[in-house]
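Participant: Just a sequence and a predicted model for now, questions to come.
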Amino acid sequence: MTVTNLAFWMGHLEVGWGMTETSPLGAYNRHQPWYETLSPQEQARQKVMAGRQVFGVSLRLVDDAGNVLPRDGKTSGSLQVRGPWVCSGYFGGKSTDGWFDTGDVATLDTRGYLQITDRTKDVIKSGGEWISSIEIENAVMAHAGVAEAAVIGVYHPTWGERPLLLVVPRSGHSSTPPEFISFLVGKIAKWWLPDACELMSELPHTATGKVSKKDLRERFAQYQWPNSK
């Protein structure tokens, strides 16, 4: 289970990341003086990152083949963690030389700052590239007409998977599916734009209140894309 913690230090809101399996802290974003040299937009982005690995803990990103990926702040990969007090794996699981697979998709920048972008089971693999469902959801939630939203990957004959946007409209708003997709233009990469949007009266939730993407994927497993032939 991944946990993101918030804390106040010297008047600053700070973020940390960890899991039960990391006992518990894996990274922490301590406010640094050089943050003040950034623009307001860059400061906001920097402050909400999960931070750098804490003492004794190592972080890395790998692709599907297990190759270590660069720390460039852009390349997404499966997040693995290792340390003396970090779980090395689950009973009966595949050995990875002590590296624990967190189940998260993330980026690491040149300074070593971690940004969680999705869960491995929720990431959308389109044309060999990864698309973060969470980033699309966060962007569309800024629309005044969205009460709740989810993005799932649905089979596509050309790209393997493409993102499908599911929106519960806010009461009193009459925005259409194309308007919700148009709202995302310029906020996410062009090739991340959902190929379709469906309106829903409600989204399924788990016992803990999270949107159940498993149920959504099952429901839309046979979805026919509007422009498919």
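Facilitator: Good, I have the coordinates.

Participant: contacting residues around Ala149?
Facilitator: Going by CB atoms under 8 Å, 6 or more residues apart in numbering, Ala149 touches 137, 140-141, 165-168. (Glycine included, C-beta is placed from N, CA and C.)

Participant: ok, those vs Leu199, which is closest?
Facilitator: For the contacts of Ala149, the residue nearest Leu199 by CB to CB is Val167; the value is 5.7 Å.

Participant: tell me which of the contacts of Ala149 is nearest to Ala147?
Facilitator: Out of the contacts of Ala149, the member with the shortest distance to Ala147 (by CB to CB) is Val168, at 4.7 Å.

Participant: tell me which strands and helices the helix or strand hosting that closest one is in contact with?
Facilitator: Here Val168, judged by DSSP states H and E, is contained in strand 160-169. Counting by 3 or more CB pairs under 8 Å, 6 or more residues apart in numbering; DSSP states H and E, the packing neighbours recorded for strand 160-169 are strand 124-126, helix 133-140, strand 146-156, helix 177-183, strand 196-199.

Participant: So for the third one, what gets flagged as buried?
Facilitator: Within strand 146-156, the residues scored as buried using 16 or more other CB atoms under 10 Å are 146, 148-154, 156.

Participant: what mean pLDDT does stretch 130-144 have?
Facilitator: The average pLDDT within stretch 130-144 is 95.

Participant: rewinding a little: just put the buried residues of strand 146-156 in a markdown table and tack on distance to Leu193.
Facilitator: Shown next, in a markdown table, are those (distance: CB to CB, whole Å):
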| residue | distance to Leu193 |
| --- | --- |
| Val146 | 16 |
| Glu148 | 20 |
| Ala149 | 14 |
| Ala150 | 16 |
| Val151 | 11 |
| Ile152 | 15 |
| Gly153 | 14 |
| Val154 | 14 |
| His156 | 13 |
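
Participant: just curious, which of those residues is nearest to Ser212?
Facilitator: Ala150 (9.0 Å).

Participant: mind giving me the domain ranges of the chain?
Facilitator: 2-119, 124-219 (automatic domain parsing).

Participant: just to revisit the earlier point, now which of the contacts of Ala149 would you call buried?
Facilitator: So, by 16+ other CB under 10 Å, the buried ones in these are 137, 140, 165-167.

Participant: For Arg52, state which of those residues is nearest.
Facilitator: Each of the buried ones among the contacts of Ala149 was checked against Arg52 using CB to CB; the closest is Glu137, at 26.0 Å.

Participant: From Tyr155, how far out is the closest one?
Facilitator: 20 Å (CB to CB, to the nearest Å).

Participant: cool, Ser171 as well?
Facilitator: 33 Å.

Participant: Give me the phi and psi angles of Asn29.
Facilitator: phi -100, psi 80 (degrees, to the nearest 10).
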